[in-house]
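Colleague: any chance you can model this:
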Amino acid sequence: MLLHISDPHFGTEQPEVCDALLRLTDTHRPELVVLSGDITQRARRAQFRAAREFVDRLNTPRTLVIPGNHDIPLFNVFARMFRPYANYLREFPDVAGVHDSSRLRVIALNTTRPSRHKNGVLSPGQVDSVASELRLARPGQLRIVVMHQPIAVERPQDAHDRLRGPLDDALQRWAEAGADLILGGHIHLPFVMPLFGRSLALKRRLWVVQAGTAVSSRVREGIPNSVNLIRWGGVLPVGACVVERWDYLADAHAFARARVSALDIGWLPPPAPPMSVPPVDPAQRLSASFSSVE
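Modeller: Next up is the predicted model:
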């Protein structure tokens, strides 16, 4: 099981929601926690320290953390240009990473760019490296790519927050290399969306899984704090993945299961060959047309 949390924005965290998330983690004991960026509100040292202390209290075997645009200094222009990840790296050792276990292969990317205010960029080199990492996956592993900014959005009004870069090429190549899920955050709107069966002719069932803001007060459009529990293997049927969205209920001071999405994982069947129609003699076609007029 994997716990996907995003956008905690320490500096705006709510202590009661943090406590509820700790209880949820203690109850379910996930193999891995993925934190997909915007760990802090303003990339300050004290905010990163608070985030580190919270992550340590999760007490999980492994945590995979990447920065978001809020984890780069905004007002300190010198630090933003020359030491953008200094405070982040004091508490979290890597800006990207790979988790490999019997059930999971998770590849996390840093899509933040100090030269941009908040938009993320996926580089051609990152597309290549992720495809190579995916090809190293073993049978039975759920193959996941994690970024901060979303690679796809549900609503036209969120398109400006979408990741920049060669996205169509990335989706094609990652699907061919065996990707199953792409996790993200940034927009504080949780959803699960298929990428296959759309404009791209993908050969594999590829899903986008977005998380809301885990513990901060920066909720959007009435959607409460939320996290995702992703289940794979075990008692589930082969090729089945379950994404559970858990929302924070203020009255209960606890996270509760709000939505369950059962996803089919694996290769899509090849398209059916076009039906062959026997050729029609032009004289017969002409004869038939005159017969219909009579």
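
Colleague: where does the stretch 1-150 of the chain have low pLDDT?
Modeller: 78 (pLDDT under 70).

Colleague: I misspoke; the intended subject was the stretch 151-294 of the chain.
Modeller: 199, 272, 274-294.

Colleague: just the helices in this structure please.
Modeller: Secondary structure of the chain, counting by DSSP state H: helices at 15-28, 45-58, 77-82, 86-91, 124-135, 167-176, 282-293.

Colleague: got the contact list for the residue nearest the centre of the chain?
Modeller: Centroid check for the chain by C-alpha atoms, centre = their mean gives Leu183 as the closest residue, at 0.9 Å. With contact set as C-beta atoms under 8 Å, 6 or more residues apart in numbering, Leu183 has these partners: His4, Val34, Ser36, Ile144, Val145, Val146, Met147, Val209, Gln210, Ala211, Asn228. The way it works is simple: take the backbone N, C-alpha and C, and place the C-beta from them, glycine included.

Colleague: how about a cut-off of 7 Å?
Modeller: His4, Val34, Ser36, Ile144, Val146, Val209 (C-beta atoms under 7 Å, 6 or more residues apart in numbering).

Colleague: okay, now the closest residue to Ala177 other than its chain neighbours: neighbour count?
Modeller: Spatial nearest neighbour of Ala177, chain neighbours left out: Leu134 (3.8 Å); criterion: C-beta to C-beta, 6 or more residues apart in numbering. Neighbour count of Leu134, defined by other C-beta atoms under 10 Å: 22.

Colleague: in this structure Leu134 contacts Leu181, no?
Modeller: No: contact criterion C-beta atoms under 7 Å: Leu134 and Leu181 do not qualify, at 11.5 Å.

Colleague: for Ser217, see how far away the residue lying closest to the residue nearest to the centre of the chain once chain neighbours are set aside is.
Modeller: Spatial nearest neighbour of Leu183, chain neighbours left out: Val146 (4.6 Å); criterion: C-beta to C-beta, 6+ apart. Val146 sits 24 Å away from Ser217, going by C-beta to C-beta, to the nearest Å.

Colleague: and for Ser6?
Modeller: 15 Å.

Colleague: so between these two, which is more surrounded?
Modeller: Counted by other C-beta under 10 Å, Ser6 and Ser217 do not tie: Ser6 has more neighbours, with 30 against 12.

Colleague: got the contact list for the more buried one?
Modeller: Per C-beta under 7 Å, 6+ apart, neighbours of Ser6: Leu35, Ser36, Gly37, Asp38, Gly185, Ala211, Ala214.

Colleague: which residues touch the second one?
Modeller: Just to be clear, that refers to Ser36. His4, Ser6, Ile66, Val146, His148, Leu183, Gly184, Gly185, Ala211.

Colleague: ok, the first one touching Ser226?
Modeller: No: using C-beta under 7 Å as the test, His4 is too far from Ser226 to be in contact (10.0 Å).

Colleague: and those two? Which one has more around it.
Modeller: Applying other C-beta under 10 Å to His4 and Ser226 shows that His4 carries more neighbours, namely 30 against 24.

Colleague: all strands of this protein, in order?
Modeller: All strands of the chain, identified by DSSP state E, fall at 2-5, 32-36, 62-66, 97-100, 104-108, 142-146, 181-184, 191-194, 204-205, 207-210, 226-232, 240-249, 254-264, 266-267.

Colleague: ok, which of those strands comes nearest Ala152?
Modeller: strand 207-210 (5.0 Å; C-beta to C-beta).

Colleague: restrict the closest one to CA atoms and write it as CSV.
Modeller: Provided in CSV are the C-alpha atoms of strand 207-210 (Å, rounded to 0.1, in the frame of the first residue of the first chain):
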residue,chain,number,x,y,z
TRP,A,207,-4.1,6.8,-15.2
VAL,A,208,-3.5,10.3,-13.6
VAL,A,209,-4.0,10.4,-9.8
GLN,A,210,-4.1,13.8,-8.2
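
Colleague: and it, which strands flank it?
Modeller: According to DSSP bridges, strand 207-210 forms sheet pairs with strand 181-184 (parallel), strand 191-194 (antiparallel).

Colleague: highest mean neighbour count out of those strands?
Modeller: strand 181-184 (a mean of 25; mean count of other C-beta atoms under 10 Å).

Colleague: excluding chain neighbours, what is closest to Leu109?
Modeller: Met147 (5.1 Å).

Colleague: got a list of what the one you found touches?
Modeller: Leu109, Thr111, Gly120, Leu163, Gly184 are the contacts of Met147 under C-beta under 7 Å, 6+ apart.

Colleague: so what's the residue count around the nearest residue to the fourth one once chain neighbours are set aside?
Modeller: In space, not counting the residues next to it along the chain, Leu163 is nearest to Gln149; the distance is 4.3 Å by C-beta to C-beta, 6+ apart. Residues near Gln149, counting by other C-beta under 10 Å, number 25.

Colleague: if anything else comes up later, I'll come back, but that's it for now.
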